[in-house]
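Colleague: Kindly generate the corresponding structure for this input.
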Amino acid sequence: MDDIYIGRQPIYDANLKVIAYELLFRSGKANEANVVDGDSATTNVIINAITEIGMDQLVGPHKAFINLTRNHILQMAEQPLPELKDRLVLEILEDIKAEDIIIEAVTKLAKEGFTIALDDFIYSESLQPLVELSEIIKIDLMALTIEELEKHVKKLANGKRKLLAEKVETQEEFDRCKALGFDYYQGYFFSKPQIIKGKSLPANKLAIMKLLAKLQDDESSTEELAQTITQDITMSMRVLRYINSAQFGFGKEVDSIQQAIMMLGRSTIRNLANLVTMSQIEDKPHELLIISMIRAKMAENIAQLVKADKEVCFTTGLFSIIDTLMDNDMELLIEGLPLTEDIRAALIRRDGKLGAILNCVLAYESGDWKNANYDNLSIDEIRNCYLDALKWASASDFLIK
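Modeller: Sure thing, here's the model as predicted:
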């Protein structure tokens, strides 16, 4: 097992009662973030909070504030975990612009019931659409003068949304913010972040790839999905930890994966699995995983145009990089996977229609325009298949970081 860490800093009301905790990325025992990749840091916080350490242990009955990058906002809007709407406050980071696509995503999350907060907020007219969607606005005292702070309070306080003073470091700052009418407070004056340590189970990469393939098949039965999940002890424990956490309040402990799937629903299981699955593969370049996703989606797009089996084509593209990912011969690896003979032939020998589609995908990927063709598709159609796959993989990128 590997050690994992999360920083936890309390958030107080004016009576110094804890009302929530902010969960912060920590790469080790040191009480500092050392964030190199914001998407990856947020993914780790979410996964560790939900399925490794557990929300109950981290925040008890309180809510958890979690930072969301741009990619996380878009992806969470597509694949929300509605069971967590009463546990999470989604913090929109200060560098996120109020683009139409962001406004649409945040609106969807708010309608799902999530509390929206704006982090390290400095007002500008362009951010007004996000202000309208927020319930909490966090203002960094170190980023504003006293005069600017007063103007922000007058501009933003309207009785509907709450104002949170962050980086409060002295009694004087606390008193000033109370006088201005702030609702919540956070900072070193009250408490430094506490480091919470947990354990993460090692990944079974072969089981992970099997699960990805099975999740892509909408016709797979609950029994088949449960059987696939139970092949990976890591995923099994995460699902059971998740369903047995306090937010579900089932009373009786759920100890069956199949029962968990039936109680949570396939959509929630799929979203949870998508969130944690590829994040477990840590010893290969991240770009390899992106390539596999692009290939899978491009093959699926081609299949849709020529009326072929989309799920089978997706799986073929996804597994086309497994030999590089797992440092082994393709033919040997395929023997351990529940794949059809058509997929095996395509992956090993590039045979059949699947092999031809895969050849087209690989040729386009490498710029071999002469061989980047399939059936009677035009080069424009094939290009659009690739560009759509590129866009899809980019939007899904945070899931595998």
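Colleague: Counting by contacts, list what the lengthiest helix in the chain packs against.
Modeller: Longest helix in the chain by number of residues (criterion: DSSP state H): helix 286-306. Contact analysis of helix 286-306 by 3 or more C-beta pairs under 8 Å, 6 or more residues apart in numbering; DSSP states H and E lists helix 310-319, helix 322-326, helix 352-366, helix 379-396 as its packing neighbours. In this view, the C-beta of every residue, glycine as well, is placed from N, C-alpha and C.
Colleague: Can you show me the strands along this protein?
Modeller: Secondary structure of the chain (DSSP state E): strands located at 2-13, 18-26, 63-68, 88-92, 115-118, 136-140, 162-166, 184-186, 194-200.
Colleague: hang on, the earlier thing: the helices and strands packed on helix 286-306: which one's closest to residue 182?
Modeller: Among the helices and strands packed on helix 286-306, helix 379-396 comes nearest to residue 182, with 36.2 Å by C-beta to C-beta.
Colleague: Can you check what angle separates that closest one from helix 352-366?
Modeller: 80 degrees (axes from the mean of the first three to the mean of the last three C-alpha atoms, to 10 degrees).
Colleague: contacts for helix 379-396?
Modeller: Outside helix 379-396, the residues within contact range by C-beta atoms under 8 Å, 6 or more residues apart in numbering are 71, 74-75, 78, 290, 293-298, 300-302, 305, 360, 364-365, 369, 372-374.
Colleague: out of the residues you listed, which are buried?
Modeller: Among those, those classed as buried by 16 or more other C-beta atoms under 10 Å are 71, 74-75, 290, 293-298, 300-302, 360, 364-365, 372-374.
Colleague: Just the CA trace of stretch 65-84, in PDB.
Modeller: C-alpha atoms of stretch 65-84 as PDB (Å, rounded to 0.1, in the frame of the first residue of the first chain):
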ATOM      1  CA  PHE A  65     -14.800  22.500  -0.100                       C
ATOM      2  CA  ILE A  66     -12.900  21.200  -3.100                       C
ATOM      3  CA  ASN A  67     -11.200  23.200  -5.800                       C
ATOM      4  CA  LEU A  68     -12.300  22.600  -9.400                       C
ATOM      5  CA  THR A  69     -10.200  23.400 -12.400                       C
ATOM      6  CA  ARG A  70     -11.800  24.200 -15.800                       C
ATOM      7  CA  ASN A  71     -11.500  20.600 -17.000                       C
ATOM      8  CA  HIS A  72     -13.100  19.300 -13.700                       C
ATOM      9  CA  ILE A  73     -16.000  21.700 -14.100                       C
ATOM     10  CA  LEU A  74     -16.800  20.500 -17.600                       C
ATOM     11  CA  GLN A  75     -16.400  16.800 -16.800                       C
ATOM     12  CA  MET A  76     -18.300  16.900 -13.500                       C
ATOM     13  CA  ALA A  77     -21.200  18.600 -15.300                       C
ATOM     14  CA  GLU A  78     -21.200  15.600 -17.700                       C
ATOM     15  CA  GLN A  79     -20.700  12.900 -15.000                       C
ATOM     16  CA  PRO A  80     -21.900  14.300 -11.700                       C
ATOM     17  CA  LEU A  81     -22.000  12.100  -8.600                       C
ATOM     18  CA  PRO A  82     -25.400  13.500  -7.200                       C
ATOM     19  CA  GLU A  83     -25.000  11.500  -4.000                       C
ATOM     20  CA  LEU A  84     -22.300  14.000  -3.000                       C
END
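Colleague: Can you mark which positions in it are buried?
Modeller: 65-77, 79-81, 83-84.
Colleague: just how off-centre is stretch 331-344 within its chain?
Modeller: Taking C-alpha atoms, centre = their mean, to the nearest Å, one finds the center of stretch 331-344 at 29 Å from the center of the full chain.
Colleague: Dump that stretch to PDB, restricted to CA.
Modeller: The C-alpha coordinates for stretch 331-344 follow below in PDB (Å, rounded to 0.1, in the frame of the first residue of the first chain):
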ATOM      1  CA  GLU A 331      -0.500 -11.500 -28.300                       C
ATOM      2  CA  LEU A 332       0.400 -12.600 -24.800                       C
ATOM      3  CA  LEU A 333      -1.600  -9.800 -23.200                       C
ATOM      4  CA  ILE A 334      -4.700 -10.500 -25.300                       C
ATOM      5  CA  GLU A 335      -4.900 -14.100 -24.000                       C
ATOM      6  CA  GLY A 336      -5.800 -12.700 -20.600                       C
ATOM      7  CA  LEU A 337      -8.600 -10.400 -21.700                       C
ATOM      8  CA  PRO A 338     -12.300 -11.200 -22.400                       C
ATOM      9  CA  LEU A 339     -12.200 -10.000 -26.100                       C
ATOM     10  CA  THR A 340     -13.900 -11.400 -29.100                       C
ATOM     11  CA  GLU A 341     -11.900 -13.100 -31.900                       C
ATOM     12  CA  ASP A 342     -12.500 -10.200 -34.200                       C
ATOM     13  CA  ILE A 343     -10.900  -7.800 -31.700                       C
ATOM     14  CA  ARG A 344      -8.000 -10.200 -31.100                       C
END
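Colleague: So for that stretch, what gets flagged as buried?
Modeller: Residues 333-334, 337, 339, 342-344 are the ones in stretch 331-344 that count as buried (16+ other C-beta under 10 Å).
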